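Visitor: just the structure for this:
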Amino acid sequence: MTTIGMLHHRKDPKSVIKSYAYAAVAKAEGVNFFYFSPGVVNFVNRSIRGQVYENGSWKEKTLPFPDVIYNAGSPEKLAKSKEIIDKLKSEIPFTTNSIGNKWNINERLMEAKEFASYLIPSEVVKNVENFYKFISSFHKVVLKPIDGRKGKGIFFISEIEKGYEVRKNTENEFYTREQLNVFLEDKLSSGTFIVQPYIQSVNKSGQVYDFRLHVQKNGEGKWVITTIYPRVAPKGSIIPNINNGGFTNYLDPFLLQEFKEEAFDIRRMLEHFSLSLANHLDEIQMVKYGEVIDEIGIDVGLDENLKIWIYEVNWRPGCPPAFYLELDVVIHSIQYAKFIAENQVKIKKEISKVKRKKIEEKGDIPIIAITGSAGKTTTKAFLASILSKKWNIFESKDYWNTTEHTKKHAAEINDAHEAVVLEYGMAYPGVITEHCSIIKPNISIVTNIGLAHVGNFDSDIRGVAHAKSELIHGMDQEGILVVNRDDENSKYLETQQFKGKIMTVSTKSPANYRAYKIQYKENGMSFKMRLQRQEIELFIPILGEHHVYNALNAIAVADYLGFTPMEIKAGLIFRKPPRRLTIYNCRDNITVIDDTVHSHPQGVRAALDVLANIGKQRKIAIIGQMRELGELREEEYRKVGDYVYEKDIDILITYGFRTEEIGAQAKVKGFPSKNVYHFLNKEQLHELLVEIVEKDDTILIKGASKTNMFDTVKFLDQTFKE
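Guide: Numbers count the residues shown, from 1 in each chain. A predicted model of the protein is given here:
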């Protein structure tokens, strides 16, 4: 006869209500049952001082080790006895293995891909700035503790005119930005929180609801549905959890009332989803940890299109709020415990089979290479951020784009990576061919063809295009290529012999991925586009219309790889590469724009666009030398001078060899001579800034790393520090 030991952190079974139900059902099922806590285990003689229910009361007895342990206690409280529990696990099979907290479960489902499209995009809130980027993109969000239970500690925060609405249960409060800062700092100092877009299901009475899907394994080791029931929030509340005043209903009457003729199909959809997800999570547990799970509670909602969204997955769900269902839960638990006690060899064979299947299924992974005269690093950062929402990716470090770097990357990429995102830089012919010989991409992006390094190609833009085309020739010839439809010079790319699929991006011309209604926001850009047959609004936390193209490059690849609009939207809230239009807010409302990594005519004009768009009062442009323009230098400097005049810049300062040509051309156009300065000495430039910078000025510093223009950013930040 099988013996089940029920492990709990509490010593007294009378303090654990369900212990009686388990003892009673075990007896009815012909199974021996006792209750114990970690402190009564004796490994020397393999005995446990447990509690047995006999003749109406619990009695203490010394018992041999059970055949199986039903793991019923709090993981946090049992953690104090980790050594004892680990030793028991090495000798006795356990039921109810942990699948982690909300974040762990999200990560597992994202990695495994199949169910990732049902997940609401989530971020761990690392700091207040991280939160604001998220709410700028989604406008209405949920903030909740990573280890929360029973609907506690959940806040709904909405962006509204002149502030934010913060809601907890039925209480609403208005917060200014400053008040919300204090609120967020307090919460983040007390624990780890995650943030999600707010997606809700609302019934015909205007009440928020969700569905609890409770599934278990039965006495044959197969997943079965214990129950599915709706949970409805009380009027005025947006949390349907029973512990927060929510109430439940029977499934069929609820579905008939809300969905009429669609009720049967929705019930079948929920049943299929619950069993499919349970099997999927079980397979993940087998592959990752070599163990199985036996019971989960899944909380889901339906949006207006009847798409399922997973709110939470709990591996220790509470009993359904009805007595007969509680007994069903206990019956399945006892029968399954008996099954695993008697079928350990069969279970281990199944785990091995699943692991082998996963290894065989793993085919070629996406290897994505990005080149172009501008936007490589930012495109890479956008794409890596999106892909990492579901996959374990290899991403090259910012600006690590030489062939020597690619050799290092080749040695670091391993079987655990599910996608690879790389930059391929070049200054001379043949370099990209060498990149591709080291790591051959199957997806490529050419951001644009500009004048960076044109001096190394006889000052001919077609030479630059020819060198960039080495990526097209060196990649998988039946792969995916993304190009910029609006970039005039990209017409020189050599795509004629390419047999794969070419996808285009644009903000002006018809293209596969076109952005429109582009707007500057306080801390980034918003735009709209058609994606997967719907119009969506997107936000990127970086300034400049040129960065919309970088985002579109990433969106095109992510869409091709099967990422949902929601996942893409969340991924665009990325870690911005340093010194790329970074904003410093100084005292007296002085704003400093740092764009001091690369400098070429196209990038200078893009940076001037940003200055013109965000500068509220005087606009000061400090422009450094642009290298490797060859014979085009004089012409391109004059064009930049024209652009400075066209953009109504107030003060122009140039720094470096021959850059005075920019100012000279601006003056020819009509720019006031008294507002044009030129320096070869950085200290003298800084002395001028101390004299001329005033309250409310916006100052752009644009230059390449080799000219050390970041020194001027640091000088301004220190001189005008708040």
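
Visitor: any stretches of the stretch 151-300 of the chain with poor pLDDT?
Guide: Along the stretch 151-300 of the chain, segments meeting pLDDT under 70 span 151, 169-170, 243-244.

Visitor: nope, the chain is what I was after
Guide: Low-confidence regions of the chain, defined by pLDDT under 70, span residues 102, 111-113, 148-151, 169-170, 243-244, 322-325, 358-363, 453.

Visitor: and the longest helix for it?
Guide: Counting residues, the longest helix found in the chain (DSSP state H) is helix 263-289.

Visitor: which other helices and strands does it contact?
Guide: The contact analysis (3 or more CB pairs under 8 Å, 6 or more residues apart in numbering; DSSP states H and E) places helix 263-289 against helix 102-112, strand 208-217, strand 223-232, helix 251-259, strand 295-302, strand 308-314, helix 344-361. In short, each C-beta sits where N, CA and C put it, glycine included.

Visitor: from the opening residue of stretch 568-584 to its closing one, how far?
Guide: Chord length of stretch 568-584, first to last residue, is 28 Å (CA to CA, to the nearest Å).

Visitor: which positions in it come out as buried?
Guide: For stretch 568-584, the neighbour count (16 or more other CB atoms under 10 Å) marks 568-574, 576-577, 579-582, 584 as buried.

Visitor: about what we covered before: now the longest helix of the chain: how far from the chain's centre is it?
Guide: 23 Å (CA atoms, centre = their mean, to the nearest Å).

Visitor: give me the angle between that helix and strand 208-217.
Guide: Calculated by axes from the mean of the first three to the mean of the last three CA atoms, to 10 degrees, helix 263-289 forms an angle of 60 degrees with strand 208-217.

Visitor: distance check, Arg579 against Pro541.
Guide: According to CB to CB, to the nearest Å, Arg579 and Pro541 sit 15 Å apart.

Visitor: swap that for Thr378, sorry
Guide: Taken as CB to CB, the span from Thr378 to Pro541 is 11 Å.

Visitor: which neighbours do these two share?
Guide: Common neighbours of Thr378 and Pro541, counting by CB atoms under 8 Å, 6 or more residues apart in numbering, are Lys576.

Visitor: quick one, which of those two is more surrounded?
Guide: A direct count of neighbours by other CB atoms under 10 Å for Thr378 and Pro541 places Thr378 higher, at 27 against 21.

Visitor: that one falls within a helix, correct?
Guide: Yes - the assignment for Thr378 by DSSP: H, G, I helix; E, B strand; the rest coil puts it in a helix.

Visitor: contacts only, for it.
Guide: Neighbour list for Thr378: 542, 547, 550, 576-577, 580 [criterion: CB under 8 Å, 6+ apart].

Visitor: and those, which is closest to Phe498?
Guide: Closest approach between the contacts of Thr378 and Phe498, by CB to CB: Asn550, at 22.3 Å.

Visitor: burial of the closest one, as a residue count?
Guide: 30.

Visitor: touching, it and Ile445? I think so.
Guide: No - shown here, Asn550 and Ile445 do not form a contact pair, counting by CB atoms under 8 Å, at 9.4 Å.

Visitor: common neighbours of those two, please.
Guide: Joint contacts of Asn550 and Ile445 (CB under 8 Å, 6+ apart) are Thr379.

Visitor: hmm, back to that, quick check: angle from the longest helix of the chain to strand 308-314?
Guide: 50 degrees.

Visitor: OK, contacts around the nearest residue to Met626 once chain neighbours are set aside?
Guide: Once flanking residues are discounted, Met626 sits nearest to Ser599: 5.0 Å by CB to CB, 6 or more residues apart in numbering. Applying CB under 8 Å, 6+ apart to Ser599 gives the contacts 623-627, 702-704, 707, 709.

Visitor: please apply the same query to Val464.
Guide: 373, 449-454, 457, 489.

Visitor: would it count as being in a helix?
Guide: Yes - under three-state DSSP, Val464 falls within a helix.

Visitor: ok so, going back, among the contacts of Val464, name the buried ones.
Guide: For the contacts of Val464, buried by 16+ other CB under 10 Å: 373, 449-454, 457, 489.

Visitor: among those residues, which pair sits farthest apart?
Guide: His453 and Asn489 (13.2 Å).

Visitor: element containing Gln519?
Guide: In this assignment (DSSP states H and E), Gln519 forms part of strand 513-521.

Visitor: residues making contact with that strand?
Guide: For strand 513-521, contacts defined as CB under 8 Å, 6+ apart pick out 136, 503-507, 525-531, 538-539, 543, 545, 548, 551-552, 555-556, 559, 613-614.
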